[in-house]
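K.L.:
Provide a 3D model corresponding to the input given below.
(chains A and B)
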Amino acid sequence: SSPSPSPGDTSVLAGVYGPAEVKGSRELPDRAALEVLLRPKVGLPGVLERSREQLLRQTCEAVLLGVLHPRTAITLVLQVLNDAGSLLSCCLNAACMGLLDAGLPLASLFCGVTCALDPNGAIGLDPTSRQEQEARAVLTFAIDSAERKVLMATSKGSCSVEEMQQCLAAAQRAADTIFQFYRDSVRRKYSKS
Amino acid sequence: MKATPLSNCERRFLLRAIEERKRLDGRQCYDYRNVRVSFGADYGCCIVELGKTRVLGQVSCELVPPKPNRPTEGILFFNLELSPMAAPGFEPGRQPELLVILNRLIERCLRNSRCIDTESLCVVAGEKVWQIRLDLHLLNHDGNIIDAASIAGIVALCHFRRPDVSVQGEEVTVYTPEERDPVPLSIHHMPICVSFAFFQQGTYLLVDPSEREERVMDGLLVIAMNKHREICTIQSSGGIMLVKDQVLRCSKITAVKVTEITELIQKALENDQKVRKEGGKFGFAESIPNQKITAFKMESAAVDTNNVEEQAEEIITKADPPSEVFAKPILHTPGTAQIGEGIENSWGDLEESEREEAAEEEGESEAAAFECQKMETGDTSTMRENKNDEPIVLSDSEEEEVVILEPEELPKKTRTQTNLKQENASKKAFNKRRKKKRAAH
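P.N.:
Okay, here's the model as predicted:
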């Protein structure tokens, strides 16, 4: 399964394989072993991709019911088709839709929202590359669908705690829209009409 | 992930069907699958779909010194990657053999055919030339990777625009896309690979094999040709022995196919050009047809962030203040401070903001885990009371000589009156004091 959501121009293609047979060393006796691979468009994957892979993996492992498939491997591959800002949240959305479309058991869904704080303190959601560069701080949150709690938070730049809380509140609002989008697109795919 | 091997009955079924001139997807022996070309938002970005086989191509450029033995020519770099999402058998640790074969074919097809004029990529002879890099990613493997990849490669190269450069004497100016329109690459011709799969020792021939057909084939013949009927590359693998007529017949078929595909490419490039000129929307999101049941689009939605500030305030006031324990920097000697007990502060020259942020995050998240050490300096006492509801403001009481103005201004109990500007001002003063401290030591 490979869905590809794209806010604005940023596009990420996600592909999920699994639960499938796992090679000896990676096998976990009580749960599924999740592997996330993020491939940039140009060049070989570097340190930035590795760190993003880890963030994504931790977020996915938090919602994935791995205990239902012990001694298996689940591989999630993300290919960047176009990067115009808010890449990490786009990857999060693609990952969630990939897991959802593959029919893997999940405790809840999650979505990614990026906030940019410009030098005046105004919050902008889903910033473009230019907005990200000019911003004082860029924060990305993974919000879960059950209670809008935070699964993952990462930031770049400096901001106060109040500002972070405001961004988080704004992200939780935005999460509603994104989850509605998930619902509508899945409904469209599986409905009979 | 292991690739599932092909079962014997499947193999027999496929071979029997081919003997009866039947293909699994109903095509004729010389039929190609549908080719679809779509472009991304950047110049030089395209996705080519050959049936279900999908390849993403991206071209990028960089100014580099030229190779010593070719000082007036630009450099071309081709890279084909088999993404692990293409097939379950592709692992990140590569399929070395297939990858090498494909990469070599692409190189020969695009580089040795001299379809790109490398002399035009020279900016300053012997010093600066353009390095054009083509990255191809295989997104889905349904057979005939080489054809799809060659189409994606040449389309991406034709679509790409490099920044305009002007040279005045010794000075080289590279213009951004806003200053001057980027310039297309100089491409002489478009070589396209066509693959032929042979079965039963060359008796049966299929054009554009699908993945199943590839698994049962005996040998593969790849001919790269351009629309002027010039053969750019020809390769026969698998050890089948082909008769001269067969090869000639294949090259005739190739000529026909290549003309069709070249026409399709030209039309796609023109369409994209038109859309960009008219200012319409372009990019992958636009190229997905809306009618597809698996596609869903949503316009950008406004999110109501009006009372976000109040909500945030509420959260912060409601949040239990980390009661007894919070991190304070402990001053060992002038110039050495420690946050948290028993942890080595190994970051020597941290920037102001980074240190503050690190301290903030530490203060918030690990406040409960650290024990605070008694501060010797006198002004801690006022700060400590504030700490109960202001865990983030770390005690700046390491500076004994500087009078702290802010603590009295900071609200003691709740945050509802907190003015963001005030907080910022106090932070800036905080920073300044820190700077002073560091400057003093």
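K.L.:
pLDDT weak spots in chain A?
P.N.:
In the predicted model, chain A carries pLDDT under 70 at residues A:1-8, A:193.
K.L.:
for it, which helix is longest?
P.N.:
The longest helix of chain A (DSSP state H) is helix A:161-190.
K.L.:
hmm, that one touching chain B?
P.N.:
Yes: residues of helix A:161-190 contacting chain B under CB under 8 Å from any CB of the partner chain: A:161-163, A:165-166, A:168-170, A:173-174, A:177, A:181, A:184-185, A:188-189. Yep, even glycine has a C-beta here, placed from its N, CA and C like the rest.
K.L.:
list only buried entries from the residues you listed.
P.N.:
Neighbour counting by 16 or more other CB atoms under 10 Å in any protein chain shown classes A:161-163, A:165-166, A:168-170, A:173-174, A:177, A:181, A:185 among these as buried.
K.L.:
for chain A, what's its nearest residue on the stretch 1-150 of chain B.
P.N.:
Distances between the stretch 1-150 of chain B and chain A by CB to the nearest CB are smallest at B:Met85, namely 3.0 Å.
K.L.:
give me the element that residue is part of.
P.N.:
Assigned by DSSP states H and E, B:Met85 belongs to no helix or strand.
K.L.:
enumerate every residue touching it.
P.N.:
Contacts for B:Met85 (CB atoms under 8 Å, 6 or more residues apart in numbering or on different chains) come out as A:2, A:13-15, A:17, A:77, A:79, B:139-140.
K.L.:
what about stretch A:67-74, start to end distance?
P.N.:
Stretch A:67-74 has an end-to-end distance of 12 Å (CA to CA, to the nearest Å).
K.L.:
now it: buried residues?
P.N.:
Within stretch A:67-74, the residues that qualify as buried are A:69, A:72-74, counting by 16+ other CB under 10 Å.
K.L.:
ok, residues contacting that stretch?
P.N.:
Here stretch A:67-74 makes contact (CB under 8 Å, 6+ apart) with A:16-23, A:26-35, A:64, A:66, A:104-105, B:1.
K.L.:
any of these buried? List them.
P.N.:
Judged by neighbour count, with 16+ other CB under 10 Å as the criterion, the buried members of the contacts of stretch A:67-74 are A:16-19, A:22, A:31-35, A:64, A:66, A:104, B:1.
K.L.:
which ones are touching A:Cys111?
P.N.:
A:89, A:92-93, A:96, A:142-143, A:145, A:175, A:178-179, A:182.
K.L.:
show me the contacts for the residue of chain A found nearest chain B.
P.N.:
When distances are taken as CB to the nearest CB, chain A reaches nearest to chain B at A:Gly15, 3.0 Å away. Contact partners of A:Gly15, counting by CB under 8 Å, 6+ apart, are A:1-2, A:76-79, A:98, B:83-85, B:139.
K.L.:
could I have the buried ones of these as PyMOL selection syntax?
P.N.:
Buried subset of these, written as a PyMOL selection, criterion 16+ other CB under 10 Å:
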select buried, (chain A and resi 2+76+77+78+79+98) or (chain B and resi 83+84+85+139)
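K.L.:
and which of the contacts of A:Gly15 is nearest to B:Thr333?
P.N.:
A:Leu78 (48.4 Å; CB to CB).
K.L.:
who's that closest one bridged to?
P.N.:
For A:Leu78, the beta-bridge assignment (DSSP bridges) gives partners A:Ala14, A:Leu38.
K.L.:
quick check: it touching A:Leu55?
P.N.:
No: using CB atoms under 8 Å as the test, A:Leu78 is too far from A:Leu55 to be in contact (11.8 Å).
K.L.:
returning to that earlier point: in strands only, show me the buried ones among the contacts of stretch A:67-74.
P.N.:
The members of the buried ones among the contacts of stretch A:67-74 that map onto strands under DSSP state E are A:16-19, A:33-35.
K.L.:
next one: the closest residue to B:Ile253 other than its chain neighbours from B:Glu211, what distance?
P.N.:
Using CB to CB, 6 or more residues apart in numbering or on different chains and skipping the chain neighbours, the partner closest in space to B:Ile253 is B:Tyr30 (5.8 Å). Distance, B:Tyr30 to B:Glu211, by CB to CB, to the nearest Å: 19 Å.
K.L.:
what about these two, which has more around it?
P.N.:
Neighbour count, other CB atoms under 10 Å in any protein chain shown: between B:Tyr30 and B:Glu211, B:Glu211 has more, with 17 against 14.
K.L.:
how about the contacts made by the more buried one?
P.N.:
Neighbours of B:Glu211 in contact, by CB under 8 Å, 6+ apart: B:87, B:141-143.
K.L.:
swap the cut-off to 6 Å and go again
P.N.:
B:142-143 (CB atoms under 6 Å, 6 or more residues apart in numbering or on different chains).
K.L.:
how close does it get to B:Asn144?
P.N.:
Taking CB to CB, one finds B:Glu211 at 8 Å from B:Asn144.
K.L.:
for the stretch 1-150 of chain B, which spans come out with low pLDDT?
P.N.:
Ranges of the stretch 1-150 of chain B meeting pLDDT under 70: B:1, B:94-95.
K.L.:
can you pull out the helices in it?
P.N.:
Here the stretch 1-150 of chain B has its helices, by DSSP state H, counting those that start in this stretch, at B:8-19, B:96-107, B:145-159.
K.L.:
residues in contact with the longest one?
P.N.:
Read that as helix B:145-159. For helix B:145-159, the surrounding residues in contact (CB under 6 Å, 6+ apart) are B:37, B:44, B:46, B:48, B:50, B:53, B:55, B:57, B:59, B:80, B:102, B:105-106, B:109-110, B:134, B:136, B:138, B:185, B:187, B:190, B:192-193, B:195, B:222, B:265, B:269.
K.L.:
now do stretch B:57-71
P.N.:
Identification of contacts with stretch B:57-71 by CB under 6 Å, 6+ apart yields A:41-42, B:44-46, B:125-126, B:128-136, B:152-153, B:156-157, B:160, B:162.
K.L.:
quick one: buried ones out of those?
P.N.:
Judged by 16+ other CB under 10 Å, buried ones among the contacts of stretch B:57-71: A:41-42, B:44-46, B:128-136, B:152-153, B:156-157, B:160, B:162.
K.L.:
out of those residues, which are inside strands?
P.N.:
Residues of these located in strands (DSSP E): B:45-46, B:128-136, B:162.
K.L.:
need the phi and psi values for B:Pro182.
P.N.:
Dihedral pair for B:Pro182: phi -70, psi 160, per degrees, to the nearest 10.
K.L.:
quick one, what contacts the nearest residue to it once chain neighbours are set aside?
P.N.:
Residue nearest to B:Pro182 in three dimensions, not counting chain neighbours: B:Arg161, with 3.5 Å by CB to CB, 6+ apart. Counting by CB under 6 Å, 6+ apart, B:Arg161 makes contact with B:43, B:182, B:184.
K.L.:
quick one: neighbours of B:Cys115, just the number.
P.N.:
Using other CB under 10 Å, B:Cys115 has 22 neighbouring residues.
K.L.:
what's the spacing between it and B:Gly153?
P.N.:
Distance, B:Cys115 to B:Gly153, by CB to CB: 10 Å.
K.L.:
again with B:Ile223
P.N.:
From B:Ile223 to B:Gly153 the distance is 16 Å (CB to CB).
K.L.:
next: A:Gly121.
P.N.:
According to CB to CB, A:Gly121 and B:Gly153 sit 47 Å apart.
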